[in-house]
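Novice: Curious how this folds, go ahead:
(3 chains)
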Amino acid sequence: MPELPEVETVCRGLAPRLTGRRLVRVSVRRAGLRLPFPPRLAERLTGRQVTAVGRRAKYLLIDLDDGTVVIAHLGMSGRMVIADAPAPPPGKHDHLVLETDDGAVVTFNDARRFGLLVLAARAGLAAHPLLAGLGPEPLEPAFTPAVLSQALAGRRTPVKAALLDQSVVAGLGNIYVSEALFRAGISPLRRADTVAGAGAAALVPAIRAVLTAAIAAGGSTLRDYVQSSGELGYFQHDFAVYGRTGAACPGCTCNPAETGGIQRLTQANRSSYWCPRRQD
DNA sequence: CGGCAAACCTGCGAGC
DNA sequence: TGCTCGCAGGTTTGCC
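Specialist: Numbering: from 1, shown residues only, chains lettered A, B, ... in the order given. Coordinates of the predicted model:
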């Protein structure tokens, strides 16, 4: 499920509970997820102090006091749940449990197991194979129309697929690509190279606005980003087009019964949602 | 190299 | 109620 805003929300929820804390107990309940867990994972984490919790694209980065960084990805169904010690009995798909010296219990749960968790050295982290190919962070100043334009130029694939490509821009997923294209008035069917230039100039603020609003929703609907259940990163957010096939387009005044409303199509095996009257 | 389908794995809702 | 089918927010692989 998680795209950049959800991972950011998980990050903000974990940070106050983990930063400065020492990991006093680590349970590893299976051999790995999409990738195998590192050898001796529990031993390598136990006793370490967390110095920072951050994010790059959809990756969660947890810095430890020995120069190690935990790189975690939530895949499609991964979640982090915070509870108070004593640790509750592990549930189905609880794969990793971290306990801190002040009594927080963080559980990494992932039903589909598309997530991952590996260790890396902080030094040279940007060159790590998982991170090296990532494009710019969409909320940072380096993500400019010129940069996006350059990344889209020469690409003959639909713009929908190009924006899903993490080397073009990091952190967008299926939901926010549809939402950003709607805001920018660009059809998901457009060939990427035709979106360079003016299209990119419209897309950059659209992407920024969509992500910023989603992060704000994550923060505002949760108390300190942690639900009462302890679950992080999952929040209700109103989408303009995503999952709204047949519904009225929020930007149109026409009758969806006559126009068909929001349309859904399949591109590269993923659903795209769009309003044909406002996006071309 | 570029683009697409399939693969990984489980859960859930819709339809019969 | 219970089964099957299609669908799911990610990423990699392998094939044309």
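
Novice: pLDDT weak spots in the stretch 101-250 of chain A?
Specialist: Residue ranges of the stretch 101-250 of chain A with pLDDT under 70: A:220-224, A:228, A:235-236.

Novice: quick check, A:Ser149 in a helix?
Specialist: Yes. Assessed with DSSP: H, G, I helix; E, B strand; the rest coil, A:Ser149 lies in a helix.

Novice: my read: it touches A:Thr194, true?
Specialist: No. Assessed by CB atoms under 8 Å, A:Ser149 is found out of contact with A:Thr194, at 11.3 Å. Any C-beta I mention is one placed from the backbone N, CA and C, and that applies to glycine too.

Novice: ok, these two, which is more surrounded?
Specialist: Between A:Ser149 and A:Thr194, counting by other CB atoms under 10 Å, A:Ser149 is the more crowded of the two (19 against 15).

Novice: tell me the contacts of that one?
Specialist: Residues counted as contacts of A:Ser149 (CB atoms under 8 Å, 6 or more residues apart in numbering) are A:Ala196, A:Gly197, A:Ala200, A:Ala201.

Novice: Could I have the ChimeraX command that selects the buried members from these?
Specialist: The buried subset of the contacts of A:Ser149, as determined by 16 or more other CB atoms under 10 Å, is captured in ChimeraX by this line:
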select /A:196,200,201
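
Novice: quick one, helices of the stretch 1-150 of chain A?
Specialist: Remark: helices assigned in the stretch 1-150 of chain A by DSSP state H, counting those that start in this stretch are A:4-18, A:41-45, A:145-152.

Novice: and A:Leu33, which of those is closest to it?
Specialist: In terms of CB to CB, the element of the helices of the stretch 1-150 of chain A nearest to A:Leu33 is helix A:41-45, at 11.7 Å.

Novice: Please enumerate residues in contact with the closest one?
Specialist: Residues contacting helix A:41-45 (CB under 8 Å, 6+ apart): A:Leu23, A:Val26, A:Ser27, A:Val28, A:Pro38, A:Leu64, A:Thr68, A:Val70, A:Leu96, A:Leu98, A:Leu117, A:Leu119.

Novice: buried set for that helix?
Specialist: Buried residues in helix A:41-45, defined by neighbour count with 16+ other CB under 10 Å: A:Leu41, A:Ala42, A:Arg44, A:Leu45.

Novice: Tally up the residues packed near the closest residue to A:Gln49 other than its chain neighbours, please.
Specialist: Closest residue to A:Gln49 apart from its sequence neighbours, by CB to CB, 6 or more residues apart in numbering: A:Asp65 at 4.2 Å. For A:Asp65, the count of nearby residues is 12 (other CB under 10 Å).

Novice: A:Asp65 against A:Gly47, yeah?
Specialist: No. Counting by CB under 8 Å, A:Gly47 is not a contact partner of A:Asp65; they are 9.5 Å apart.

Novice: Enumerate the residues of chain A near DNA strand C.
Specialist: Proximity of chain A to DNA strand C (CB under 7 Å from any atom of the strand) is limited to residues A:1-3, A:6, A:34, A:57-58, A:73, A:75-76, A:112, A:114, A:130, A:164, A:166, A:173-175, A:234, A:270-271.

Novice: Report how many residues lie close to A:Arg112.
Specialist: Neighbours of A:Arg112 under the rule other CB under 10 Å: 13.

Novice: Relative to A:Asp165, how far out is it?
Specialist: Per CB to CB, to the nearest Å, A:Arg112 is found 22 Å from A:Asp165.

Novice: and if you look at A:Gly154?
Specialist: The gap separating A:Gly154 from A:Asp165 is 13 Å, by CB to CB.

Novice: Please apply the same query to A:Leu116.
Specialist: 19 Å.

Novice: more neighbours, those two?
Specialist: A:Leu116 (20 against 17).

Novice: Next SSE downstream of the helix ranked longest in chain A?
Specialist: In chain A, with assignment by DSSP state H, the single longest helix is helix A:198-220. Using DSSP states H and E, the helix or strand that follows helix A:198-220 in sequence is strand A:231-232.

Novice: Would you mind listing the buried residues in the following helix or strand past that next one?
Specialist: Proceeding N to C from strand A:231-232, the next assigned helix or strand is helix A:256-259, under DSSP H and E. Residues A:Thr259 are the ones in helix A:256-259 that count as buried (16+ other CB under 10 Å).

Novice: Next secondary structure element downstream of helix A:256-259?
Specialist: Going down the chain from helix A:256-259, the next helix or strand is strand A:263-267, by DSSP H and E.
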